[in-house]
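1. With the sequence up front, the predicted model follows.
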Amino acid sequence: MSKPSRNLERIQRSLVSRYRAEKAFRLCGIAAVTLGLLAVLVLFADIFLKGKSAFSATYIQLEINYDQEVLGIDDLSDEGALMLADWDRLHKTALRQEFPQVRKRSERRELYALVSNGAGYDLKERLLSEPELLDQTEKFWILADDDIDTYYKSLLKGRAYTARLSLAQLERVKQLIDQDRIELQFNANFLSRGDSREPEQVGIKGAMFGSFFTLVITLLLSFPIGIAAAIYLEEFAEKNRWTEFIEVNINNLAAVPSIIFGLLGLAIFINFFNVPRSIPFLGGLVLAVMTLPTIIITSRAAIKSVPPSIREAALGLGASPNQVVLHYVVPLAMPGMLTGSIIGMARALGETAPLLMIGMVAFIADVPGGFTDPATVLPVQIFLWADSPERAFIEKTSAAIMVLLAFLITMNLSAVWLRKKLERRW
Amino acid sequence: MSIKKTFEVFLAITLVLSLAATTSARENIEVVGSSTVYPFSTVVAERYGRSSGKATPKIESTGSGGGMKLFCSGIGTQFPDITNSSRRMKKSEFNQCQKNGVSEIVEVQVGFDGLVMANSVESPVMKLSRKEIFLALAAKVPGDKEGELIDNPYMTWKQINESFPDDKIEVLGPPPTSGTRDAFVELAMEGGCKAIPWLAAMEKTDKRAFKSICHTIREDGHFIEAGENDNLIVQKLQANPKALGIFGFSFLDQNADSVHGAFIEEVAPEFDSIADKSYPVSRPLYFYVKKAHVGVVPGIQGFLDEFTSEKAWGEEGYLAEKGMIPLSTEQRRLTGKNTRALLPMTGDEPLK
């Protein structure tokens, strides 16, 4: 046998095992990707299935008489009278008329518990928006209590949860169901209100606005500062020990756990500069410090990827270094910088840990109107609702997660879109 | 817009915003403190905000200890006005407050919270004594001879009491950082400790050794730290019917279809049994008010009136509906009167 043919044989033998190894490696890869996708799918499906019922709420139809005598109001523009009026009596009277057999005090309490304790405020709003209803009677769909809501939804699913209701209450609900006076309607409150301790009255708007104001501050601070730092370090700074030291520190900062930035916020912004706690301005400051390293690192990478030929051509045509950077390098690096910033922002949107230290993990019922009103943010809202004992908060938690996910996906998609749109290849 | 311009605009906006932020007087009450009182305090805050038309008080859940620290940091609108606590203020905290100029503190006890040990409805209801709880959960238990301590040998419930099922001891509970854990250890475990005569005698002679024996929970896998989230413990109990969980009464109240509470000393954890104190594992809930802030921060007086009104903390008030166990009528009358008069603590109270 000659040597070459023996070698050929060896190669062919090893070829089989090499192909096998490659195939196995590929399979592993596919398995890993499928597993990952499956996990995401299960997670999303679970959240979606649990959360979708939060977008509807149970309403009970009652015949409401906006009795002038009961309310003690002659003139709807009289603020004082509006404040003093016993709005709850409107639906209490309606309920008593509906179920005249209820006499005893304790039974009445149970009866009143059918509707949300915020119903009086809803009726007030209704009357103020349609003043001609004063002293009139109308059929009005009134928000049900969260226990009724949970029961009715579980009943529709076929597994009725009755533990929170008394037998009498169950009977009344049944009567209402038979008369078609109870139904699920779109839960508009969820998108238009702030936090509440009554699950049927909660809304995500407060947290959404809080997140928005916080992120505006974060963006306004971290984007210009981050990009300026990146341009200086990449284009103008000399390469010496100092800049190396700064570079190492920036890379380290990007890996620091986010709660540390919260401590920094507490020590410096609150204790030293006396910025009030719990406001979006403060949250924005802390998150800006947290996002800065990410933005600097990605922006530097983007600037580095601008081909030297562009720079040299510009310099060759007589542009000053300043003009080269501002007219050519930065516009070309912009897509990369924007992507980095948006991803940094998305991370900031999902943070709770640094906000814990600066008082943004709090119950705040009023929807914030600006940068200095106390506010909380979406992930904190999720955390707070997940911790609440009331059963009806489970679906609200999932729904809030859906809102947060929608925001994150939108931000990430816009990053992809921006990159695609602005990117230049050569 | 050129890039230079963009930077200038950014800078201008940032400057304006930072100026706006530093000039602010506080319109809303700030409350910090216990996560156990948080669900009750927030309800009052919300009702107060809606009915008065004023800004709704802002309530942070920082834990009792964290709340005290913030509260006692000083007087002025950058410090909170009220702190919630699931235990009484400690002597050291009171002194800290005094040192920082918070001299007049109004103490308000609002009600009780029951702690329950519960298991899935698929398993039978457990009937435990505090001594049995201690034997099941302590790191070291008394051996055969008096005065001897051995590593906890009990693996199943049956080994503790013949009438119990032959299941592995598995208890899910909060981590040491939690106030619920503190209260459970103090009320249930220490209570069980005292049922053993020579240990009870030790409390008088060597208090520190007594505490370390009675307060140390076993770490051999039979007690599982399940995090601060009580909902999570309830879910885990549904998945594992053989396990028991420790959490607050309001969570039992809300999940009565999936878990039921163990009897302790023959008493079921129910609203009435906790209120009349026949159920032994319950703790008082408090909040503390800075008198110096009343009248400076608008609305504190109104918030206190709302909290101490019968429609809130009464036997049929909305806090009871949320799972808080009310004080007795006499206690409510007295506390309510003192609160409205803003009677500060004298420092002579028996604080720990």
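-> On my side now, so go ahead.
2. For the stretch 1-150 of chain B, which segments count as helices?
-> Applying DSSP state H, counting those that start in this stretch to the stretch 1-150 of chain B gives helices spanning B:3-22, B:38-52, B:64-71, B:91-99, B:130-137.
3. For the chain, just list every one of the strands.
-> If you meant another chain, say so; for now it's chain A. Along chain A, counting by DSSP state E, strands occupy A:56-65, A:137-143, A:182-186, A:362-363.
4. wait, I meant chain B there
-> According to DSSP E, chain B carries its strands in the segments B:30-33, B:58-60, B:82-85, B:105-120, B:127-128, B:140-142, B:149-151, B:171-173, B:223-225, B:244-248, B:259-261, B:263-264, B:282-290, B:325-326.
5. Nearest to chain A, out of these?
-> Closest approach to chain A among the strands of chain B is made by strand B:58-60 (4.1 Å; C-beta to the nearest C-beta). For glycine as for every other residue, the C-beta is placed from the backbone atoms N, C-alpha and C.
6. Give the pairing partners of the closest one; include direction for each.
-> Sheet partners assigned to strand B:58-60 using DSSP bridges are listed as strand A:362-363 (antiparallel), strand B:30-33 (parallel).
7. what's the burial count for residue 267?
-> Assuming you mean chain A. 11 (other C-beta atoms under 10 Å in any protein chain shown).
8. hm, I was asking about chain B
-> Using other C-beta under 10 Å, B:Val267 has 16 neighbouring residues.
9. who's it bridged to?
-> Beta-bridge pairing for B:Val267 (DSSP bridges): B:Ile264.
10. Looks like B:Leu304 contacts B:Val110 (just checking).
-> No. Using C-beta atoms under 8 Å, B:Leu304 makes no contact with B:Val110, being 10.8 Å away.
11. Now do the end-to-end distance for stretch B:176-192.
-> Counting by C-alpha to C-alpha, to the nearest Å, you get 19 Å between the two ends of stretch B:176-192.
12. From the chain's centroid, how far away is it?
-> Mean-position distance between stretch B:176-192 and its chain equals 11 Å (C-alpha atoms, centre = their mean, to the nearest Å).
13. now what about that stretch, what contacts it?
-> B:34-36, B:63-64, B:86-87, B:113, B:115, B:117, B:129-135, B:137-138, B:173-175, B:211, B:214-215, B:217, B:225, B:228, B:230, B:246-248, B:264, B:280-283 (C-beta atoms under 8 Å, 6 or more residues apart in numbering or on different chains).
14. which ones are touching the closest residue to A:Glu200 other than its chain neighbours?
-> Among residues not flanking A:Glu200 along the chain, A:Asp146 sits closest, at 4.4 Å (C-beta to C-beta, 6 or more residues apart in numbering or on different chains). Applying C-beta under 8 Å, 6+ apart, we find A:Asp146 in contact with A:Ser116, A:Glu198, A:Pro199, A:Glu200, A:Glu390, A:Arg391, A:Ala392.
15. where's A:Glu125 relative to A:Ser414, distance?
-> From A:Glu125 across to A:Ser414, the span is 36 Å (C-beta to C-beta, to the nearest Å).
16. Looking at the two, which has the bigger crowd around it?
-> A:Ser414 (15 against 11).
17. ok, the residue nearest to that one when sequence neighbours are not counted - how many residues close by?
-> Distances taken as C-beta to C-beta, 6+ apart place A:Ile342 nearest to A:Ser414, at 6.4 Å, with adjacent residues excluded. For A:Ile342, the neighbour count with other C-beta under 10 Å is 23.
18. confidence score at A:Ile342?
-> pLDDT for A:Ile342: 90.
19. Mind splitting the chain into its structural domains?
-> Answering for chain A, as no chain was given. Using automatic domain parsing, the domain parsing of chain A gives A:3-52, A:56-194, A:205-422.
20. Chain B was what I was after
-> Chain B resolves into domains spanning B:3-112+B:285-340, B:114-282 when parsed by automatic domain parsing.
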